[in-house]
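[1] here is a sequence together with a model predicted from it:
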Amino acid sequence: MNHPIFTESPFSTHISFHKLIASLEEIALTNIDYRSNYAKALLEEVEKVPELKTGIVDYETIKKHKELIKNLLSDLFPTALSKNEIKAITIPFQNLTFNFTDRFTSILKNAGTSFDMAIRNYSDDQLYIMSCILILNSQYGQKLDYNKPLFYDIPDANGILKHYRILYNADFMEIIPTPQSVILNQEDIDLLMDNYDDIALWKTKFPPSSWILKGFGIISLFDASVESAISNLKTSLLRSDVQESSNDDDIQTIFRTIFKIPDLKLGFVLYNEEENKFTTPPFSNNTEKNSYILLEKEEEKLCENSIFGCALSALITEKKPFIISDVDRFTINNTAFANHLSKQNIKSCILAPVINNDKLLGVIELISSQPKILNSINANNLDLLLPYVIETIERYNIDLQNQIEAIIQREYTSIHPSVYWKFRKEAQKYFQIQAPNKDYIFKAIVFKEVYPLYGQIDIKSSSNHRNETVKEDLRNQINQLIQILDYLTTNSKLELLEQRKFELFSFSKELLIELKADTEQQIQLYIQKEIHPILINSKNDTKLQVLINNYFNELDEKTELFYHARRKFDDAMSIINKKMASVLDKEQIEAQQNYPHYFERFKTDGVEHNLYIGQSINPNLPFDMMYLNNLRLWQLQTLCKMELEHHRLKPLLPYELEVTSLILVFSSPLSIRFRMDEKRFDVDGTYNARYEVVKKRIDKANIKGTLERITQKEKITIVYSHQSEETEYLKYIQYLQFKKIIEPEIEKFDVEELQGVSGLKAIRIKVLNTDVNHKTDYTYQELLNELN
């Protein structure tokens with residue numbers, strides 16, 4: 001057919017009224033005069049245009065005989081119903097429509113000349129396949145069911161998008177094969193049924209214009225705007241996070257469709273019952289306003305600090321909608337609230353509580369710049385929408401709780417992903433029993449025959465450094481107090497001041513010797529009770545006041561002590577721990593790819609880590625000793641990287657701290673058990689406990705027959721028991737020496753006997769710091785900002 005907007009189709013379309021003409025011919029033969037005469041007169045006109053019966057292939061013919069065609073269709077399009085029904089003549093799944101009813105014409109006129117009427121969410125390929133399905137059902141006796149509803153989305157004169165459901169009547173059509181038609185067998189049909197999306201295959205079996213579609217169809221529309229909008233709302237609320245950027249606009253459009261208000265705006269806030277405040281929902285699009293009334297530009301707001309007294313009473317206490325149909329009239333009741341609304345050009349609004357099980361979850365805000373357009377009558381439309389909003393918020397709350405639990409599991413417990421499967425398996429057993437109850441006894445989580453690896457990078461002499469910085473801060477504080485008391489004694493004859501100076505001098509002498517456990521607490525208590533009252537009650541003197549103000553400005557808010565040297569020490573240790581842990585965590589990601597294993601680390605005065613690898617941790621992946629050897633090499637290389645990272649950090653640290661590194665080699669497999677009381681893994685069995693004893697004591701051990709510690713700064717100490725372990729690690733060391741990571745010198749020595757443990761040996765190596773002048777990618781201030 002010659003029509004510029006006609007899509008490609010398996011049909012050669014012939015618009016024909018032959019079935020309707022045949023019906024008129026039957027009427028013309030009846031004895032009912034007025035019907036017979038009308039039919040005969042109409043048939044006389046039809047005979048002048050034979051294409052009406054044989055088939056019209058040129059769209060211009062339809063336009064030329066528009067009035068005749070209208071008369072021919074008058075029984076199907078009664079004049080009395082033209083302003084009510086939305087009907088037209090069409091060819092199903094093709095963009096050709098004519099002979100519109102008055103109401104249909106009015107709808108298209110309001111949509112504007114630029115509106116293109118197209119079936120929602122259907123591509124040209126899908127429409128082609130739908131035409132093919134018509135052929136399969138009518139010509140091959142198939143019963144292919146395709147009940148996806150068809151819609152036209154048409155804006156009205158106010159720009160509100162209306163949704164019209166499409167119904168087709170194909171009683172006046174017939175499908176005729178041509179010589180170009182491909183004859184299909186059952187195998188072809190089965191192939192098509194299994195390949196709906198393969199448009200090339202469909203076009204092979206149903207080439208374009210290979211069948212004749214003769215006749216016409218009738219399209220009827222009914223306004224399904226509310227039902228369709230609710231369906232779209234459900235779809236929008238189910239969308240994933242990546243789609244949320246367009247969600248807010250989509251949902252606002254849906255609300256406008258249901259309320260029939262073109263300038264309607266939608267807001268939503270969550271209600272936090274525990275803290276009695278409104279908060280911005282994290283699942284909204286942060287680039288747009290989430291709230292126009294309750295929060296406006298704020299992220300959260302306490303309800304008791306709000307100006308919305310009457311509204312909050314309705315929402316929170318009574319859990320009823322709060323509706324203002326005319327803001328100008330509402331001024332009499334609450335001027336502050338009314339001004340808040342008027343400032344945003346809000347003339348009518350609805351605040352609707354979202355409630356589930358008598359619990360307030362949040363509040364929906366509907367606003368308009370038109371007075372009285374939002375009112376207590378159309379507020380009832382929310383009853384259609386709130387169930388889906390409630391379901392979404394409940395789903396969000398469940399997802400939030402799951403995420404919180406996941407964060408807790410990741411950040412605050414020892415359940416590593418490598419062993420999580422066994423905990424999940426035991427939890428599933430609990431839920432699979434017929435009646436889950438609190439008396440269910442969970443089985444012990446045990447992993448047998450696993451090989452342990454232990455390593456640490458420790459801050460050398462951290463206790464001594466900590467004590468020295470405490471003493472330095474206390475000495476500085478005492479000296480400053482003595483200076484203030486000196487000034488006071490020159491202007492006062494109080495003997496008590498001399499006594500307090502004497503006591504401060506005594507404390508200062510105590511700080512020259514080793515710090516006792518309670519020294520800091522004693523000095524803190526003395527200063528707070530005996531010295532600070534003197535400073536607070538001293539008579540004002542300009543110089544004295546400056547001294548006292550300077551002193552109090554130096555105090556730490558929590559301890560009321562000087563915290564300068566110790567802050568530098570604490571910051572330095574925190575920076576080291578954070579960076580060492582960062583290197584370890586980053587390297588662990590790659591190590592897990594080789595063979596999944598249990599991993600945990602601890603931050604103390606340094607960073608410790610435990611690794612356990614074996615078949616029982618990953619039953620689905622065959623274990624080989626090669627994976628243990630690889631993990632040992634990985635551990636040694638990672639400690640080298642951590643040593644090198646510390647070497648780079650040292651120039652930036654506010655307090656100079658050295659580190660020592662240690663690896664404990666243990667070749668016998670052991671079992672680990674999750675301790676339910678302590679919520680962590682520990683070695684299982686008396687014999688295996690020897691490993692834990694060595695772990696706790698080894699870093700303080702000396703070289704046998706000397707007073708020298710086995711750990712030294714900038715060096716890695718590898719402690720082992722058997723000759724085979726020494727041979728294995730020497731190979732790793734030679735490999736890392738070849739890679740210019742470790743210095744050539746290797747120290748070997750025996751380790752002094754520990755309580756209950758003897759026969760330990762050690763290798764000590766030094767990381768090659770070839771990048772002495774290496775510039776780090778960060779500054780001290782950036783490191784400090786990371787900590788804060």
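    Yep, it's here.
[2] secondary structure class for Asp153?
    At Asp153 the chain is in strand, as set by DSSP: H, G, I helix; E, B strand; the rest coil.
[3] and for it, the neighbour number?
    19 (other Cβ atoms under 10 Å). The way it works is simple: take the backbone N, C-alpha and C, and place the C-beta from them, glycine included.
[4] hmm, Asn577 is touching Lys603, no?
    Yes: judged on Cβ atoms under 8 Å, Asn577 makes contact with Lys603 at a distance of 4.8 Å.
[5] the two: who's more crowded?
    Shown here are Asn577 and Lys603; by other Cβ under 10 Å, Asn577 has more neighbours (19 against 14).
[6] that one looks like it's in a helix, true?
    Yes: using three-state DSSP, the assignment for Asn577 is a helix.
[7] mind listing what it touches?
    With contact taken as Cβ atoms under 8 Å, 6 or more residues apart in numbering, Asn577 is in contact with 603, 606-607.
[8] what's the closest of the residues you listed to Val327?
    Nearest to Val327, judged by Cβ to Cβ, of the contacts of Asn577 is Lys603 at 57.3 Å.
[9] hmm, Ser582 and the closest one touching each other?
    No: assessed by Cβ under 8 Å, Lys603 is found out of contact with Ser582, at 11.2 Å.
[10] who touches stretch 463-474?
    Residues contacting stretch 463-474 (Cβ under 8 Å, 6+ apart): 459, 507, 511, 514-515, 520, 523, 561-566, 568-569, 605, 655, 657.
[11] now which of the residues you listed would you call buried?
    Listed as buried from these are 459, 507, 511, 515, 520, 523, 561-563, 565-566, 568-569, 605, 655, 657; burial here means 16 or more other Cβ atoms under 10 Å.
[12] so which of these sits lowest on pLDDT?
    Confidence by pLDDT is poorest for Leu515 among those, given 79.
[13] three-state assignment of it?
    When the rule is three-state DSSP, Leu515 gets the label coil.
[14] quick one: contacts for it?
    467, 470-471.
[15] so which of the residues you listed is the closest to Glu726?
    Asn467 (37.7 Å).
[16] so how far is Lys509 from the closest one?
    Per Cβ to Cβ, to the nearest Å, Asn467 is found 16 Å from Lys509.
[17] so what touches the helix or strand where Glu227 lies?
    Secondary structure from DSSP states H and E places Glu227 in helix 225-237. Helix 225-237 is contacted from outside by 151, 161-165, 247, 250-251, 254, 257-258, 384-385, 388-389, 391-392, using Cβ under 8 Å, 6+ apart.
[18] what about 6 Å?
    162-163, 247, 250-251, 254, 257-258, 384, 388, 392 (Cβ atoms under 6 Å, 6 or more residues apart in numbering).
[19] repeat that for stretch 351-369.
    261, 263-265, 267-271, 292-293, 311, 315, 319, 321-322, 345-350, 374, 382, 389-390, 393.
[20] with stretch 750-761 instead?
    The contact list for stretch 750-761 (Cβ under 6 Å, 6+ apart) reads 694, 697, 701-702, 704, 710, 719-720, 762.
[21] go again using 7 Å as the cut-off
    If you take Cβ atoms under 7 Å, 6 or more residues apart in numbering as the criterion, stretch 750-761 is touched by 690, 693-694, 697, 701-702, 704, 710, 719-721, 726, 762.
[22] check stretch 19-39 too.
    In contact with stretch 19-39 (Cβ under 7 Å, 6+ apart) are residues 40, 42-43, 46, 52-53, 72, 172, 215.
[23] got TSV for those, with pLDDT too?
    Formatted as TSV, the contacts of stretch 19-39 follow (pLDDT from 0 to 100):
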residue	pLDDT
Lys40	90
Leu42	91
Leu43	91
Val46	91
Leu52	92
Lys53	92
Leu72	93
Phe172	93
Gly215	93
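[24] so which of the residues you listed sit within helices?
    Among the contacts of stretch 19-39, DSSP state H puts 40, 42-43, 46, 52-53, 72 in helices.
[25] filter those down to the buried ones, PyMOL style.
    To isolate the buried members of the ones in helices among the contacts of stretch 19-39 in PyMOL, using 16+ other Cβ under 10 Å:
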select buried, resi 42+46+52+53+72
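[26] so how many other residues sit close to Lys700?
    Count around Lys700 with other Cβ under 10 Å applied: 10.
[27] ditto for Phe322
    Look at Phe322: counted by other Cβ under 10 Å, it has 20 neighbours.
[28] try Met580
    With other Cβ under 10 Å as criterion, Met580 counts 27.
[29] is it true that it touches Gln456?
    No: judged on Cβ atoms under 7 Å, Met580 makes no contact with Gln456 at a distance of 9.8 Å.
[30] overlap in contacts of the two?
    Val607.
[31] one step back: mind listing which of the contacts of Asn577 are in strands?
    Among the contacts of Asn577, the ones falling in strands (DSSP state E) are 603, 606-607.
[32] output the contacts of stretch 19-39 as CSV; include the columns distance to Asn378.
    CSV is the format used below for these (distance: Cβ to Cβ, whole Å):
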residue, distance to Asn378
Lys40, 54
Leu42, 48
Leu43, 53
Val46, 51
Leu52, 49
Lys53, 52
Leu72, 44
Phe172, 42
Gly215, 45
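[33] assign Val49 to helix, strand or coil.
    Taking three-state DSSP, the label given to Val49 is coil.
[34] one more: Arg466?
    Applying three-state DSSP: Arg466 is helix.
[35] where's it relative to Ile459, distance?
    Counting by Cβ to Cβ - Arg466 and Ile459 are separated by 10 Å.
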